[in-house]
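Participant: can't give you the sequence, but here's the structure:
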DNA sequence: CAAAATTTGACCAAAACTGACCTTGACTTT
DNA sequence: AAAGTCAAGGTCAGTTTTGGTCAAATTTTG
């Protein structure tokens, strides 16, 4: 079995054991326990616990530092998850507006949040992006924001 | 738990308990109580009770000296306006993170909103933007979102 | 075999913490 | 007053404790 599998397995078990869906590790400690170089932990986090895969990773250096991995819960924002999955590589501004409006009408996000999302993907905001690649940027930005929303939904 | 957390926690409790939002401490006394070196108190004040984070620290040396920490709450509209004006044509990701964190620390935006803002301007989100133009793009997105927040603040 | 994934280690950055030395202010003594 | 004493707090550079980055080397995959 690969070391990276052992690491991700360990983290997944910790997430499983946590009611909050959160695992907090000390990078050096875990590396020592598993018997790998510390940066290997980063590699695993970057390759298997990405936002796209439904995880959020936060960390802090210095004395008492840590790495916290949080799993996004589906049920809390299945609508969000659904929307995220439905967004392809590109998204035009009309589709974005409609989707965001739907989130608001379904009371999945507040009015303020809906406005924020709209502002981030508005053509006006993206005006410096070549029109040809705007749709791709818009899809990317919106997805990242929605993933964040899923995560904070789970937290509360 | 870190010593610095214990110190900041203690101060925050004092602020919480005070109707005026003021905490007054004797540096040596608190250091002795907590069990740390006195200068550690300064470190905590410098790192977590800065003006940026909405605190004013005053002190006096000599016999009967003291350190007084006061929480100042700027109204949301002005705080947002101030931030918007302070953002120039470009904004690197570190500055963005700090500014957004400050909005949260000052209770001007919720944690969810802070996360949304962060997600929108994260390097990861903007990874398809040529690095050379990222800072400009980031400034633009953030400003647009902040303006939206200001507008919804006015409404409420 | 070529491409992708994994593994490693040297070097970097940030946060926390410490202690020696400095400055200020109130009070006391001349 | 002026000088001396002592009780605060202030500074800052250095150390320690963590995690982050990146590119080269190695292994796995297709």
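Facilitator: That came in fine, so what should we check first? Fair warning: this is a prediction, and the values are worked out from it, not measured in the lab.
Participant: C-alpha only now, for contacts and for neighbours.
Facilitator: OK.
Participant: What is the burial count for residue A:1?
Facilitator: The number of residues packed around residue A:1, counting by other CA atoms under 10 Å in any protein chain shown, is 5.
Participant: cool, residue A:115 as well?
Facilitator: So residue A:115, with other CA under 10 Å, has 20 neighbours.
Participant: Can you name the residues that contact it?
Facilitator: Contacts for residue A:115 (CA atoms under 8 Å, 6 or more residues apart in numbering or on different chains) come out as B:148-149.
Participant: Look at it and tell me its secondary structure.
Facilitator: Of the three states, residue A:115 takes helix under DSSP: H, G, I helix; E, B strand; the rest coil.
Participant: can you tell me how far it sits from residue B:84?
Facilitator: 17 Å (CA to CA, to the nearest Å).
Participant: Over to residue A:92?
Facilitator: For residue A:92, the distance to residue B:84 - CA to CA - is 27 Å.
Participant: need the contact list for the closest residue to residue A:56 other than its chain neighbours.
Facilitator: Leaving aside its sequence neighbours, residue A:56 sits nearest to residue A:70 (CA to CA, 6 or more residues apart in numbering or on different chains; 5.1 Å). Residue A:70 sits next to A:15, A:21-23, A:55-57, A:151 when contact means CA under 8 Å, 6+ apart.
Participant: which strand residues sit across from residue A:70 in the sheet?
Facilitator: residue A:22, residue A:56 (DSSP bridges).
Participant: hang on, the earlier thing: could I get the contacts of residue A:70 as CSV with distance to DNA strand D, pLDDT and neighbour count?
Facilitator: CSV is the format used below for the contacts of residue A:70 (distance: CA to the nearest atom of the strand, whole Å; pLDDT from 0 to 100; neighbours: other CA atoms under 10 Å in any protein chain shown):
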residue, distance to DNA strand D, pLDDT, neighbour count
A:15, 17, 96, 18
A:21, 19, 88, 18
A:22, 15, 93, 22
A:23, 12, 97, 21
A:55, 14, 91, 22
A:56, 12, 88, 19
A:57, 8, 94, 17
A:151, 19, 72, 24
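Participant: any idea which of those residues is the one closest to residue A:34?
Facilitator: Of all these, residue A:34 sits closest to residue A:23, with 16.1 Å by CA to CA.
Participant: I'd assumed residue A:59 was in contact with that closest one.
Facilitator: No: counting by CA atoms under 8 Å, residue A:23 sits too far from residue A:59 to count as a contact (11.5 Å).
Participant: Which neighbours do the two have in common?
Facilitator: Here residue A:23 and residue A:59 share the contacting residues residue A:68, scored by CA under 8 Å, 6+ apart.
Participant: so where's chain A uncertain?
Facilitator: Scanning chain A for pLDDT under 70 picks out A:73-77, A:105-107, A:152-156.
Participant: Residue A:52 - nearest residue in space that isn't next to it in sequence?
Facilitator: residue A:147 (7.5 Å).
Participant: and chain A, what are its domains?
Facilitator: A:3-71, A:75-155 (automatic domain parsing).
Participant: List the backbone torsions phi and psi for residue A:32.
Facilitator: phi -70, psi -50 (degrees, to the nearest 10).
Participant: Let me see the contact set for residue A:47.
Facilitator: With CA under 8 Å, 6+ apart, residue A:47 has no contacts at all.
Participant: buried stuff in the helix or strand that it is a member of?
Facilitator: Counting by DSSP states H and E, the element that carries residue A:47 is helix A:38-48. Buried residues in helix A:38-48, defined by neighbour count with 16 or more other CA atoms under 10 Å in any protein chain shown: A:38, A:41, A:44-45, A:48.
Participant: and residue A:5, how far is that from residue A:123?
Facilitator: 42 Å.
Participant: And residue A:85, by the same measure?
Facilitator: 22 Å.
Participant: Which of these two has more residues huddled nearby?
Facilitator: residue A:123 (18 against 11).
Participant: Run a quick neighbour tally on the residue lying closest to residue A:3 once chain neighbours are set aside.
Facilitator: Spatial nearest neighbour of residue A:3, chain neighbours left out: residue A:36 (7.4 Å); criterion: CA to CA, 6+ apart. Using other CA under 10 Å, residue A:36 has 15 neighbouring residues.
Participant: Residue A:36 in helix, strand or coil?
Facilitator: What three-state DSSP gives for residue A:36 is coil.
Participant: related to what we said a few turns ago, and the helix or strand that the residue nearest to residue A:52 is a member of, what does it pack onto?
Facilitator: Element membership for residue A:147, per DSSP H and E: helix A:131-155. Helix A:131-155 is packed against helix A:78-86, helix A:111-121, helix B:111-121, with contacts defined by 3 or more CA pairs under 8 Å, 6 or more residues apart in numbering or on different chains; DSSP states H and E.
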